[in-house]
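Engineer: Build the 3D model from these lines:
(chains A and B)
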Amino acid sequence: MHVVIYLPLVIPVVAAVTARGLADRLPPAAASWLLAASALALALASSSVLGLLAMSALIRIPVVDAAGHLSRSVVAHGDGVSIPVAIVAGALLAAAATAVGKVTWRRVRAIARAHRHASGLPGAGEVVVTEDTAADAYTVPGWPCRIVITQGMLRALSAAERGVLLAHERTHARNAHYLFSMAARLAAAANPLLHPVAAEVGYAVERWADERAAAETGDRALTARAIARAALASSAAPPERAAGAETAALGLIARGQGRPGPVPRRVAALLAPPPGLSPLLIAAAIVLVAVSGVCAVEAARDLHQLIELAQGQSA
Amino acid sequence: MREGVDQVGDDGAVAGRRGAGELEAAVLEVLQHGGSPLSPGEVRERVGGDLAYTTVVTILSRLHAKGVLDRRKSGRAYLYMPVADEPGLAARRMARVLDEEADRGAVLARFVSTMSESDEELLRKMLGEGG
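Structural biologist: Modelled structure (predicted):
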């Protein structure tokens, strides 16, 4: 098999390195869609390649040849994948499948539980205010999503800033942002190289909600101030959180030495002019994903042809 | 409290129909969903039924004695509000469970994520507060 079969395994590294720049330079809604879709496509391509590599070794096992009526000489000459490579590929694929299964199960369970919780929250309105002195605000996924805001958070913000908070959380609820982060997490489970891309999807949907709030209030500086004030209030009166839950999700961005975390990054983005749509950047990302897909499809066709040839020779 | 003693019979009569615990729950629910502190008169109106004013006052002072309600003086009456309302606690507990279950990815879309100390410093600088 040609060396291009390995490309879909390498391209996620390029995606991981460029994801942050993409999230910074594109309008956040476009960035969210592009990054989440790319992550899924790249994960699919790399998993397919792992499967093909494992299979191309499988057909060289005499028992499989006999069962599939394959010509041993054709199979032996037509293929360049060594057995150790195929074993590693098979093991990686099995690990990916296990991880995807686990993440899917946990996510579905968490979202189902969130939905039950959302429908059990008091009142019929979209927004629920809780008597809690800790400063916290979040959207609970569900049908419909519910927005929970604590008294502590309300107290920390001015009336105009509360408008920002509501517009932000409503954007999460309206656009089912939890599905974007779920898609990205699944892709990262299938291919851990995509973890930085998944983290950027999490950041991009936050920015999406920020930009929407800025558009609705018509005041970018106010939006930036509301986020900053809420974050500082949240640090001063921290809500109970499971250790490492969210910090892990967004921490991947913050982990780089001296790099600002997501909150200062969001505030800085709002204090700068909104990013314009850059067709060149989007095209570059699409080409990268397309190359990955074409390589995987080519590899599949090669293997298919080889098997057909081997079957023809054997018959 | 003199009032409290007067209402015992009254309260007992109502309790026959609705049960004392049930009344307490109904009153608490009204206050939890009220959004703002309420006077006994307002509570009575919202609970509905034919509760005597004094019955409502008894229930409210009982809940206050139990530490479930907070109150503040407003004119001649007290205004009552829940101390730690159940939904608040439930929501808090649930948020924690969901954070744990989410397996490293946030299920709850938070307005702001946690910050490091250097983040905080940077933010204050950006705001021009004590940079």
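Engineer: which stretches of chain B have low pLDDT?
Structural biologist: Scanning chain B for pLDDT under 70 picks out B:1-22, B:67, B:84-90, B:93-94, B:97, B:100-106, B:129-131.
Engineer: no, scratch that, I was asking about the stretch 101-250 of chain A
Structural biologist: In the stretch 101-250 of chain A (pLDDT under 70), the answer is A:240-250.
Engineer: Is residue A:149 in a helix, a strand, or coil?
Structural biologist: Secondary structure, DSSP: H, G, I helix; E, B strand; the rest coil: residue A:149 is strand.
Engineer: For chain B, what is the nearest residue in the stretch 1-150 of chain A?
Structural biologist: Residue nearest to chain B within the stretch 1-150 of chain A: residue A:130 (3.7 Å; C-beta to the nearest C-beta). Where C-beta positions appear, they are placed from N, C-alpha and C, glycine not excepted.
Engineer: in terms of contact, does that residue touch residue A:150 like I think?
Structural biologist: Yes. Between residue A:130 and residue A:150 there is a contact under C-beta atoms under 8 Å: 5.2 Å.
Engineer: what's the burial count for the residue of the stretch 1-150 of chain A closest to chain B?
Structural biologist: Per other C-beta atoms under 10 Å in any protein chain shown, the neighbour tally for residue A:130 reads 26.
Engineer: Please report how far it lies from residue A:145.
Structural biologist: 16 Å (C-beta to C-beta, to the nearest Å).
Engineer: What of residue A:63?
Structural biologist: Counting by C-beta to C-beta, the gap from residue A:63 to residue A:145 is 53 Å.
Engineer: Who has more neighbours out of the two?
Structural biologist: When neighbours are counted by other C-beta under 10 Å, residue A:63 and residue A:145 differ, and residue A:145 comes out ahead with 22 against 8.
Engineer: The closest residue to that one other than its chain neighbours: helix or strand, and which one exactly?
Structural biologist: Once flanking residues are discounted, residue A:145 sits nearest to residue A:173: 3.6 Å by C-beta to C-beta, 6 or more residues apart in numbering or on different chains. If you go by DSSP states H and E, residue A:173 is part of helix A:159-174.
Engineer: need the contact list for residue A:170.
Structural biologist: Contacts here follow C-beta atoms under 8 Å, 6 or more residues apart in numbering or on different chains; on that basis residue A:170 touches A:126, A:147.
Engineer: Swap in 6 Å and give it another go.
Structural biologist: Residues near residue A:170 by C-beta atoms under 6 Å, 6 or more residues apart in numbering or on different chains: none.
Engineer: now do residue B:120
Structural biologist: residue A:235 are the contacts of residue B:120 under C-beta under 6 Å, 6+ apart.
Engineer: how close does it get to residue A:299?
Structural biologist: When residue B:120 is compared with residue A:299 (using C-beta to C-beta), they lie 49 Å apart.
Engineer: now swap in residue A:139 and tell me
Structural biologist: Applying C-beta to C-beta, the value for residue A:139 to residue A:299 is 41 Å.
Engineer: Give me the more crowded residue out of these two.
Structural biologist: It is residue A:139, of residue A:139 and residue A:299, that has more neighbours when counted by other C-beta under 10 Å, with 27 against 24.
Engineer: so how far is whichever strand or helix holds the more buried one from its chain's centroid?
Structural biologist: According to DSSP H and E, residue A:139 maps onto strand A:137-140. Its chain's C-alpha centre lies 20 Å from the corresponding centre of strand A:137-140 when counted by C-alpha atoms, centre = their mean, to the nearest Å.
Engineer: And it, what does it pack against?
Structural biologist: helix A:83-120, strand A:146-150, helix A:159-174, strand B:109-110 (3 or more C-beta pairs under 6 Å, 6 or more residues apart in numbering or on different chains; DSSP states H and E).
Engineer: who's in contact with residue A:267?
Structural biologist: Applying C-beta under 6 Å, 6+ apart, the residues near residue A:267 are A:224, A:227-228, B:126.
Engineer: host element of it?
Structural biologist: helix A:262-271.
Engineer: next structured bit after that helix?
Structural biologist: Using DSSP H and E, the next helix or strand after helix A:262-271 towards the C-terminus is helix A:279-314.
Engineer: Any buried residues in that following helix, and which?
Structural biologist: Using 16 or more other C-beta atoms under 10 Å in any protein chain shown as the test for burial, helix A:279-314 gives A:281-282, A:285, A:288-289, A:291-293, A:295-296, A:299-300, A:302-303, A:306-307, A:310, A:314.
Engineer: If we ignore the residues flanking it in sequence, what's nearest residue A:151?
Structural biologist: Of all residues not flanking residue A:151 in the chain, residue A:131 sits nearest, at 5.6 Å (C-beta to C-beta, 6+ apart).
Engineer: burial measure for that neighbour, as a count.
Structural biologist: Neighbour number of residue A:131 under other C-beta under 10 Å is 20.
Engineer: so how far is residue A:161 from it?
Structural biologist: Taking C-beta to C-beta, one finds residue A:131 at 20 Å from residue A:161.
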